[in-house]
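1. Fold the stuff below for me.
(2 chains)
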There are 2 protein chains.
Amino acid sequence: MTEVTDRVKWNAEGLVPVVVTQHGSGEVLMLAWMDEEALSRSLDTGRATYWSRSRQEYWIKGETSGHKQWVRELRVDCDGDTLLLTVEQEGAACHTGDRTCFDAGLLAEFGPRAEA
Amino acid sequence: MTEVTDRVKWNAEGLVPVVVTQHGSGEVLMLAWMDEEALSRSLDTGRATYWSRSRQEYWIKGETSGHKQWVRELRVDCDGDTLLLTVEQEGAACHTGDRTCFDAGLLAEFGPRAEA
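-> Next up, the predicted model:
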């Protein structure tokens, strides 16, 4: 355990959700999960590395697609149970080829609030 | 179940993580959790409503603090298991008084990637 990983409250499965944003624009690219080892590897290598819950294995982003993520900044939230990772994204962040994992997923839109 | 809530893959606890961003700037304000009822209430009322895992109750953002969130857009990610909620945030999003829940939580910073 390092000074950084010690700041994180891991859930019952030893994981923490990671909001991944693009350096500069702040665009939200995706949400992924890390365990302590994935976080340590990300910081040691500078390459965003996650824990795949579906495949139950470590997943170095871009290892097969070439769409690497280079770590620029790491933040933890006020409760210690969410990370905000800023990266330089090469190419598409989404496995569908979309820039972000949210591009195709518009569900609802609303106008400005009515109440002052 | 509505057309919208039907698009969401709820976890074993019936929850989904929600990345909350500021309308216009896209700034990441916080991460919270919703169950199907919280999502329905958010869409029906236009006021962001979450499920508090620590208090085990619904939580209308800003109900006590006055720091309301007005829903502007809802997106789901490619896997269906994360929501991206765009809101108009009144005042501070964080209970500490900070604008976002990540303001005080800088853990690490890196320069531009070395590899081309």
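2. what's the residue nearest to the spatial centre of chain A in contact with, if anything?
-> For chain A, the residue sitting closest to the mean C-alpha position, by Cα atoms, centre = their mean, is A:Val20 at 3.3 Å. Contacts for A:Val20 (Cβ atoms under 8 Å, 6 or more residues apart in numbering or on different chains) come out as A:28-32, A:48, A:69, A:85-87, A:93. Where you see a C-beta, it was placed from the backbone N, CA and C, and this is true even at glycine.
3. among these, which are in reach of chain B?
-> Among the contacts of A:Val20, the ones lying near chain B by Cβ under 8 Å from any Cβ of the partner chain are A:28, A:30-31.
4. Is A:Glu37 located within a helix, as I assumed?
-> Yes - counting by DSSP: H, G, I helix; E, B strand; the rest coil, one finds A:Glu37 located in a helix.
5. ok, now how distant is it from A:Gly24?
-> The gap separating A:Glu37 from A:Gly24 is 29 Å, by Cβ to Cβ, to the nearest Å.
6. right, and out of the ones next to chain B among the contacts of A:Val20, which lies closest to chain B?
-> A:Leu31 (4.3 Å; Cβ to the nearest Cβ).
7. Leaving out chain neighbours, which residue sits closest to that closest one?
-> B:Thr82 (4.3 Å; Cβ to Cβ, 6 or more residues apart in numbering or on different chains).
8. unless I'm mixing things up, that neighbour is touching B:Val19, no?
-> Yes - counting by Cβ atoms under 8 Å, B:Val19 is a contact partner of B:Thr82 at 6.7 Å.
9. Quickly list what's touching both of those two.
-> Common neighbours of B:Thr82 and B:Val19 (Cβ under 8 Å, 6+ apart) are A:Leu31.
10. got a pLDDT number for the residue lying closest to A:Ala48 once chain neighbours are set aside?
-> Excluding its sequence neighbours, the residue lying closest to A:Ala48 (Cβ to Cβ, 6+ apart) is A:Gln69, at 3.7 Å. Looking at A:Gln69, its pLDDT is 98.
11. which residues in chain A form strands?
-> A:16-22, A:28-34, A:49-52, A:57-60, A:69-76, A:83-89, A:106-109 (DSSP state E).
12. do you know which of these lies nearest B:Arg53?
-> strand A:16-22 (12.3 Å; Cβ to Cβ).
13. Over the closest one, what's the mean pLDDT, rounded is fine.
-> Mean predicted confidence for strand A:16-22 is 98.
14. which neighbours does that strand have in its sheet, and in what orientation?
-> strand A:28-34 (antiparallel), strand A:83-89 (parallel) (DSSP bridges).
15. With just CA atoms, put the last one into PDB.
-> What follows is the C-alpha trace of strand A:83-89 in PDB, where atoms were taken according to Å, rounded to 0.1, in the frame of the first residue of the first chain:
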ATOM      1  CA  LEU A  83     -11.400   8.400  -8.500                       C
ATOM      2  CA  LEU A  84     -11.200  11.000 -11.300                       C
ATOM      3  CA  LEU A  85      -8.500  10.100 -13.700                       C
ATOM      4  CA  THR A  86      -7.400  12.600 -16.400                       C
ATOM      5  CA  VAL A  87      -5.700  11.100 -19.400                       C
ATOM      6  CA  GLU A  88      -4.500  11.800 -22.900                       C
ATOM      7  CA  GLN A  89      -6.700   9.500 -25.000                       C
END
